[in-house]
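> my questions concern the predicted model and sequence given below.
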Protein chains: 2
Amino acid sequence: MKRGYATGEARKERILAAALLEFAENGYRGASLARIAERVELSQAGLLHHFKSKELLLVAVLDYRDSLDTRKFDLGSAGGIDALRALADVVEHNARVPGLVQLFSVISGEAVTPGHPGHEWARRRYRRLRADVAAALRSGAERGEFRPGLDAEAHADRLIAMMDGLQTQWLIDPDRVDMAAIFRSYVDDLITVLRPE
Amino acid sequence: MKRGYATGEARKERILAAALLEFAENGYRGASLARIAERVELSQAGLLHHFKSKELLLVAVLDYRDSLDTRKFDLGSAGGIDALRALADVVEHNARVPGLVQLFSVISGEAVTPGHPGHEWARRRYRRLRADVAAALRSGAERGEFRPGLDAEAHADRLIAMMDGLQTQWLIDPDRVDMAAIFRSYVDDLITVLRPE
DNA sequence: GTCTATAGGATGATAGAC
DNA sequence: GTCTATCATCCTATAGAC
């Protein structure tokens, strides 16, 4: 591995981490390239050498966030009840990384307006998540853990909505909302409702 | 009613309506007083004569939005199953006013960061909503429609999270998400789960 | 109440030296 | 790769005339 390459990549990663913080705290529109540059002890022009524009930096940060999301919802193996429990684990994990959750909430909120640089990212993210969760539900039905007639897409939408909605409440009022516990009890109820008769 | 007063109020309301649009499209940070002024054919300085600052204008808009919300969740009368059905009606109504929903989503997203002028508003809103919904659930339990031991606060949080989460999905991908239908089916399932044995 | 003018900044992006 | 300098806007808010 060449040294120049390694330091270059390391530099880029430090920039991404700093940008993530800035975007999470101020949103895309409120974020400032100068402040991000300051956090990594670089001039604003130097920052723009690595990422050509603010917009490109944001999408790089969003991809970076996804890559950080180690505990990704991996259901190729799980599926069924295990997959739902794994989803609850994700929420529990999220409760320990408010910064990442805040980035997601702030950007998602902004990104509902068409033309926002995160709009496409948000849409792709929802579609992929919905497909993954729905697939897990269907595999549970095939295995006899859930009843056969379930509407997988609708339940996937609900699970995702519950996760996102609880995140917002939790961020706004952390002491009043036990995000992980509430989500887990929803999952438990869901398992009951979907149980085959 | 004095004429001067009436035109003054009407003017203010036109400003609020224009500001609502602008904030919904661009968020608080992305909104511009000059563009709002333009929409009501007023100079930017003229606009600031009616609302002293951008921040005060935002909170006025948020209050205005709440006042527009005619179909407010009024449960003093309803309670129990009727109240849950009324909630589903609210969601159905919201599906017809994307502008209002978008204002709410965008501002709520921004407002998770402390120091945002909408932060307090969002917190108050959640607490009030949670209290109202929880009260409705408890009144249902007292009347024997729901089982006695239910955790009213947790279910209230879930209902609110579901509403808000579905709104985001719907705004980002309107064709794929039937917000009202999905919420209604959640409510129906909940009524089943909470039914006394 | 409404205007013009302007203060006083901050912003993203580019040019060009080193 | 990193810098300084600068461009060209944009912004909120205020002062003061009418």
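Looks like it came in fine.
> in the helix or strand bottoming out on mean pLDDT in chain A, what counts as buried?
Ranked by mean pLDDT, DSSP states H and E, the helix or strand of chain A with the weakest confidence is helix A:3-30, at a mean of 88. Using 16 or more other Cβ atoms under 10 Å in any protein chain shown as the test for burial, helix A:3-30 gives A:15-30. For every residue, glycine as well, the C-beta is placed using N, CA and C.
> ok, stretch A:146-163 next?
For stretch A:146-163, a neighbour-count test (16+ other Cβ under 10 Å) marks A:146, A:150, A:152-163 as buried.
> just stretch A:31-42 next, same as before
Residues A:A31, A:L33, A:I36, A:A37, A:R39, A:V40, A:L42 are the ones in stretch A:31-42 that count as buried (16+ other Cβ under 10 Å).
> what's next to that stretch, contact-wise?
A:11, A:14-15, A:18-19, A:21-23, A:25-26, A:43-44, A:46-48, A:54, A:57 (Cβ atoms under 8 Å, 6 or more residues apart in numbering or on different chains).
> ditto for stretch A:111-120
For stretch A:111-120, contacts defined as Cβ under 8 Å, 6+ apart pick out A:28, A:55, A:58-59, A:62, A:107-108, A:110, A:121-122, B:24-27, B:102, B:105-106, B:109, B:168, B:171-172.
> from those residues, which are also near DNA strand C?
When contact is defined as Cβ under 7 Å from any atom of the strand, those meet DNA strand C at A:E55.
> may I see the ChimeraX selection of the buried members of the contacts of stretch A:111-120?
Buried subset of those, written as a ChimeraX selection, criterion 16+ other Cβ under 10 Å:
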select /A:28,58,62,107,108,110,121,122 /B:24,25,26,27,102,105,106,109,168,171,172
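> restricted to helices, list the contacts of stretch A:111-120.
Of the positions in the contacts of stretch A:111-120, A:28, A:55, A:58-59, A:62, A:107-108, A:110, A:121-122, B:24-27, B:102, B:105-106, B:109, B:168, B:171-172 sit in helices, assigned by DSSP state H.
> any idea of the mean pLDDT in the helix or strand containing A:D132?
According to DSSP states H and E, A:D132 maps onto helix A:119-142. Per-region confidence: helix A:119-142 scores 95 on mean pLDDT.
> could I get the contacting residues of the one residue in chain A that gets nearest to chain B?
Across chain A, no residue is closer to chain B than A:G109, which sits at 1.4 Å (Cβ to the nearest Cβ). When contacts are counted by Cβ under 8 Å, 6+ apart, A:G109 touches A:G27, B:G27, B:S105, B:V106, B:I107, B:S108, B:G109, B:E110, B:V112, B:T168.
> domains for chain A, by residue range?
A:3-66, A:70-194 (automatic domain parsing).
> does the longest one reach DNA strand D?
Same thing as domain A:70-194. No: figure legend: domain A:70-194 not in contact with DNA strand D (Cβ under 7 Å from any atom of the strand); closest approach 14.8 Å.
> how about A:A78: what's its closest non-neighbour residue?
Distances taken as Cβ to Cβ, 6 or more residues apart in numbering or on different chains put A:A86 closest to A:A78, at 5.4 Å, once the chain neighbours are dropped.
> what sits against the residue nearest to A:D69 when sequence neighbours are not counted?
Nearest residue to A:D69 in three dimensions, chain neighbours excluded: A:L100, at 7.5 Å (Cβ to Cβ, 6+ apart). Taking Cβ under 8 Å, 6+ apart, we find A:L100 in contact with A:L20, A:A24, A:R65, A:L68, A:D69, A:N94.
> from the buried residues of stretch A:31-42, which is closest to B:I81?
Lowest distance from B:I81 to the buried residues of stretch A:31-42 (Cβ to Cβ) belongs to A:A31, with 46.1 Å.
> what's the pLDDT at the residue in chain A positioned nearest to DNA strand C?
Nearest residue of chain A to DNA strand C: A:S32, at 3.0 Å (Cβ to the nearest atom of the strand). Listed pLDDT for A:S32 reads 98.
> measure it to B:A78 for me?
According to Cβ to Cβ, to the nearest Å, A:S32 and B:A78 sit 48 Å apart.
> also A:K52?
Between A:K52 and B:A78 the computed distance is 56 Å (Cβ to Cβ).
> of those two, which one has the most company?
B:A78 (17 against 9; other Cβ atoms under 10 Å in any protein chain shown).
> need the pLDDT of the residue of chain A closest to chain B.
Listed pLDDT for A:G109 reads 97.
> for it, which non-adjacent residue is spatially closest?
Excluding its sequence neighbours, the residue lying closest to A:G109 (Cβ to Cβ, 6+ apart) is B:G109, at 1.4 Å.
> alpha carbons of stretch A:59-66, as PDB, please.
Extracted in PDB, the C-alpha atoms of stretch A:59-66 (Å, rounded to 0.1, in the frame of the first residue of the first chain):
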ATOM      1  CA  VAL A  59     -23.900  12.600  -0.700                       C
ATOM      2  CA  ALA A  60     -20.400  11.300   0.200                       C
ATOM      3  CA  VAL A  61     -21.300  11.800   3.800                       C
ATOM      4  CA  LEU A  62     -24.600   9.900   3.400                       C
ATOM      5  CA  ASP A  63     -22.800   7.000   1.800                       C
ATOM      6  CA  TYR A  64     -20.200   7.100   4.600                       C
ATOM      7  CA  ARG A  65     -23.000   6.900   7.100                       C
ATOM      8  CA  ASP A  66     -24.400   3.900   5.400                       C
END
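> could you list the buried residues of that stretch?
Within stretch A:59-66, the residues that count as buried by 16+ other Cβ under 10 Å are A:A60, A:V61, A:L62, A:Y64, A:R65.
> which residues of chain A lie near DNA strand C?
Counting by Cβ under 7 Å from any atom of the strand, the positions of chain A adjacent to DNA strand C are A:A31, A:S32, A:L33, A:A34, A:R35, A:Q44, A:A45, A:L48, A:K52, A:S53, A:K54, A:E55.
> fine by me, we can end here.
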